[in-house]
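In: Next come a sequence and a model predicted from it.
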Amino acid sequence: MISTILLVIACPAPQETPTLLRPVAVVGEDGALHEGWEVVIRDGIIQAVGPELKTPPGGRSVRLGGILAPGFVDAWSWSGCDAAAESLRLSPALLAAEGVDVDSDVWEDRLKAGVTTVQLLPRPTNTLSGWAAIAASSGPDDGAPQIVESRSRQAVSLIPGRIADDRKGPLGLPGALDDLAENLQAVDGVGDAGVLALVEDAAGVDGFRSVAAGLPRAFVALGDPGVYGGILAGDLVALPVPGDSDWNPRGLEVWRRLHEGGAWIAFGTGNRSPERLRFAAMAFSRATGDPAAALASITSTAAAVAGRSDIGRIAPGARADLVLWTAHPLDASARIIGVMTGGRMTQANR
Amino acid sequence: MNSLLLFLPLLQAGDLVLAADRLHVGDGRVVENAIVEIAGGRIARVSTGSPPSGSIHVSGAHITPGLVDTFSFMGVGSATVEESREVTAAQRVSDTANLADPAFARAVAQGVTAAYLSPDSLNVIGGLGAVVKTSGGRVPDLFAPQGSGARVVDSAAALKITLSSDSSSGNHTGHRRSLHGRRPTTRMGTTWVLRNAFHKAAGWAAAGRAGEAVPAHPDYEVLVAAMEGRIPVRVQARRTHDVQTALRLQKEFGWPRMVVEEGTEAYLCAHLLAEAGIPVASGPVFDDITRSIAAGPSLDELRFMADPPAVCCEDRGDDHEHDGGFIPVDSFAFDLLLLTAPRYESASGFLRGRRTEARKATPALARLLDEAGVVHTFGAGEGHQAVDGESSLIHQARIAVRNGLDPDTALRMATHDAARLLGQGDRFGLVRFGYDADLVLWSGPPMSASSKPLLVLVDGKPVTDIQLVK
């Protein structure tokens, strides 16, 4: 039966034709399953969500034998992108979008893991590292990854071990903050796009807040957020997904306390495998008892880290980046049936 | 003592009454059978009499103001000045210090309630030091108790200038592959960079006053503030000639508020400091680093000991000319020495500088300066980084007492004099009405080697997240 459905939805639909998707259930913004809900998409954008929707005039209706969930969003990653200007002290004009490697296997891995969108970062070797980019894992150009936005956030690195350079400076956090105080607010477009700051200590968080006053912001919290996360309440905080040896009770407790303390948590893979995003969200759900925040951590909150509210949600006006699952995506038994990016079917789990 | 331990966790931040057999006010005076009432984080009343009911009273205990460390690197680390420039006057150590560093909790456990955090000495003008309370700060650590960590009281407490060899050590000329291929490489260069910066700042300020459009310059603003006395200048000078250079520069640029930092050899020119009214905030006379100054030779010296040049030994014979010199040791002993001695060759410029500039260090520094009429305060440097507390501020004071300083004077130096030196003399450092309730309840006389803090209050709050009594 599933293969029949796949055949139906795998036929590329003309983009201008509105389509009523009728899955078994839709994962809503509350993270829960809503049986009988349907979704109307047109031109790659979600038009309507809810029960008992009508087939749009001139459109068509497609039954889907699975659970429709928003595609996952990787809040920050370096995989499939190589952008750095290490000969410079500051590189605010660098575009991660220009460092995308479309031939990398990671794009296929992302689709297999249900990750439809990723924010790509320049390497964090310069305090002002350059512009992060938002990429869809697959696009209209023969399925190749597509840049959705080439200036999502100005990436700032306050990781002393990465920015320290004894040829050109800075040598550490004080010099980095000096550089930011002089240059950050003057970066063209930063007032609208905002800043994504990579931090690993309280001084970096505080220092960044003072030099980035008034700018939209989000943090990538590296190092041990347990020792400095108490000052992240109310902020968008992207955490790294744990690696194989990183799972421990303290780490989960750090997530719980950050969540309880009022930080908006998202996950990013950095250099790790895309499939870890879902594992992180499942563990986050268990640690916090908040499945809605858990799903958001790899969908809508992750998109917010990239400055977007129209990605990672099944809601009118959002991009039709959808994944069809055999069960709720945070259910360990769930498998992917199909993936849609920008209203276009891109891959079925073979 | 056990009863105090039992009810330590019950103590709240509210009003408290402490009673002590002896109260050290902080200005040298001692009051018997004192009662200190605390309200709203401040000292509400100081009186004498029998311990009132409900008061905290430990028989034989002494109360002092919280100790004030006037030269500390707690939470500062080595990466707190930006070395790609020689002059970083506007950088604030409070921006990058780790205020949750365990050193603060260790300092509180040893009775230190406030400290001056110094920028590191790697730049000629290293930036602005900060005055902090050692407890009561925000808690970035998700697992730390509320109120632990330091709290910044003044983020522009003094401007750090380094005249010792630290700011030139490690620099070189010749190639550009490293930013250490820079000025200064000598003491003369250090002074040149310093003069250059202040002259430019003065010109910048004069142009501004003359109505010229001058671009904003954070470093110059700080240098001008120092010349106008709005910010004290703290000159790190260890050797006599560095102290003299500091005095010359003070006259040249008119720094109205100057403090000599460390002042290892300041006792050799104490009369000059006394005449100019310049105080000395000394560094530790006995910590992990200076301990080795007193006891440990360098690798070169070890080699020399093992194989002294013949001319030296022939010369030396049995005469007394080289009594302070080297002792020949056989190769076996040399091997042992190499195994046990610390290696200064791998130390950073800062540590090397301390070592080579401390040949004339004396544990009697505080007494000698006091006798000469120079205001002196203590600093523990990195002393509170150590877990054992044996290099803490109170130990610096006790060493001074063992070397002839009057105990009440030593306590005054560590409390009231220290608070005044930091510009906080009307806020803490005394047990007096209206002052911050920064208090230490000691098990016995504070300068006695067997005394220890039983209870420490910072802003009236008992610090309960430290193991005071065990």
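Out: Structure's in. What do you need?
In: quick one: is stretch A:123-142 near chain B?
Out: No. In terms of Cβ under 8 Å from any Cβ of the partner chain, no part of stretch A:123-142 sits within range of chain B; the closest distance is 11.3 Å. For every residue, glycine as well, the C-beta is placed using N, CA and C.
In: Can you give me the end-to-end span of that stretch?
Out: 28 Å (Cα to Cα, to the nearest Å).
In: go on, stretch A:280-300?
Out: With Cα to Cα applied, stretch A:280-300 spans 15 Å between its terminal residues.
In: same thing with stretch B:421-440?
Out: End residues of stretch B:421-440 are separated by 20 Å (Cα to Cα).
In: separation between the nearest residue in space to A:Gly59 that is not next to it in sequence and A:Phe208?
Out: Spatial nearest neighbour of A:Gly59, chain neighbours left out: A:Pro18 (3.6 Å); criterion: Cβ to Cβ, 6 or more residues apart in numbering or on different chains. For A:Pro18, the distance to A:Phe208 equals 45 Å [Cβ to Cβ, to the nearest Å].
In: Looking at those two, which is more packed in?
Out: A:Phe208 (24 against 19; other Cβ atoms under 10 Å in any protein chain shown).
In: State whether that one is indeed within a helix.
Out: Yes. Assignment of A:Phe208 by DSSP: H, G, I helix; E, B strand; the rest coil places it within a helix.
In: Quick one: residues contacting the residue nearest to A:Gly59.
Out: A:40-42, A:47, A:56-60 (Cβ atoms under 8 Å, 6 or more residues apart in numbering or on different chains).
In: For chain B, see how far away A:Gly226 is.
Out: According to Cβ to the nearest Cβ, to the nearest Å, A:Gly226 and chain B sit 5 Å apart.
In: before we move on, what about A:Leu158?
Out: Counting by Cβ to the nearest Cβ - A:Leu158 and chain B are separated by 10 Å.
In: on that earlier part again, read off the pLDDT value for the residue nearest to A:Gly59.
Out: What the model reports as pLDDT for A:Pro18 is 94.
In: for chain B, which spans come out with low pLDDT?
Out: Applying pLDDT under 70 to chain B flags the ranges B:1-14, B:78-79, B:170, B:173-181, B:286-356, B:464-470.
In: Output the set of residues of it in proximity to chain A.
Out: B:79-85, B:88, B:90-91, B:95-100, B:127, B:138-144, B:177-180, B:218.
In: Which of those fall in strands?
Out: Residues of the residues of chain B next to chain A located in strands (DSSP state E): B:Gly127.
In: who's in contact with stretch B:45-60?
Out: Contact partners of stretch B:45-60, identified using Cβ under 8 Å, 6+ apart, comprise B:1, B:4, B:16-21, B:23, B:31-37, B:431-433, B:441, B:443-444, B:454-455.
In: And B:Ser165, its phi and psi?
Out: Note on B:Ser165: backbone dihedrals following degrees, to the nearest 10 are phi -70, psi -10.
In: for B:Glu371, same thing?
Out: phi -60, psi -30.
In: What are the neighbouring residues in contact with A:Asp101?
Out: A:80-82.
In: again, only this time at 10 Å
Out: A:79-82, A:107, A:145 (Cβ atoms under 10 Å, 6 or more residues apart in numbering or on different chains).
In: Now do the SS call for the residue in the stretch 101-250 of chain A that chain B sits nearest to.
Out: Of all residues in the stretch 101-250 of chain A, A:Gly169 sits closest to chain B, at 2.7 Å by Cβ to the nearest Cβ. A:Gly169 falls in the coil class when you classify it by three-state DSSP.
In: Number of residues surrounding it?
Out: So A:Gly169, with other Cβ under 10 Å, has 20 neighbours.
In: Hmm, B:Ser84 and it touching each other?
Out: Yes. The criterion here is Cβ atoms under 10 Å, and A:Gly169 meets it with B:Ser84 at 2.7 Å.
In: Contacts only, for the residue nearest to A:Gly223 when sequence neighbours are not counted.
Out: Of all residues not flanking A:Gly223 in the chain, A:Glu200 sits nearest, at 3.2 Å (Cβ to Cβ, 6+ apart). Neighbour list for A:Glu200: A:157-162, A:173, A:220-225, A:227-228 [criterion: Cβ under 10 Å, 6+ apart].
In: A:Asp141 too?
Out: Counting by Cβ under 10 Å, 6+ apart, A:Asp141 makes contact with A:Val102.
In: Backbone dihedrals for the residue of the stretch 101-250 of chain B found nearest chain A, please?
Out: At 3.8 Å from chain A, B:Pro140 is the closest residue in the stretch 101-250 of chain B, using Cβ to the nearest Cβ. When read as degrees, to the nearest 10, the backbone of B:Pro140 gives phi -70, psi -20.
In: for it, what are its contacts?
Out: A:201-203, A:205-206, A:225-232, B:98-100, B:149.
In: In helices only, show me those.
Out: A:202-203, A:205-206 (DSSP state H).
In: taking the mean pLDDT, what do you get for stretch A:83-98?
Out: Here the average pLDDT along stretch A:83-98 is 92.
In: in that stretch, what's buried?
Out: A:83-85, A:89-92, A:94-97 (16 or more other Cβ atoms under 10 Å in any protein chain shown).
In: can you pull the buried residues of stretch B:271-286?
Out: Those would be B:272-273, B:278-286, for stretch B:271-286 by 16+ other Cβ under 10 Å.
In: now stretch A:172-186
Out: Those would be A:172-181, A:183-184, for stretch A:172-186 by 16+ other Cβ under 10 Å.
In: Now for B:Ser155, how many residues are close by?
Out: Applying other Cβ under 10 Å, I find that B:Ser155 has 15 neighbouring residues.
In: That one in helix, strand or coil?
Out: Classification of B:Ser155 by three-state DSSP places it in strand.
In: Name the nearest residue to it, sequence neighbours excluded.
Out: Distances taken as Cβ to Cβ, 6+ apart place B:Ser94 nearest to B:Ser155, at 4.1 Å, with adjacent residues excluded.
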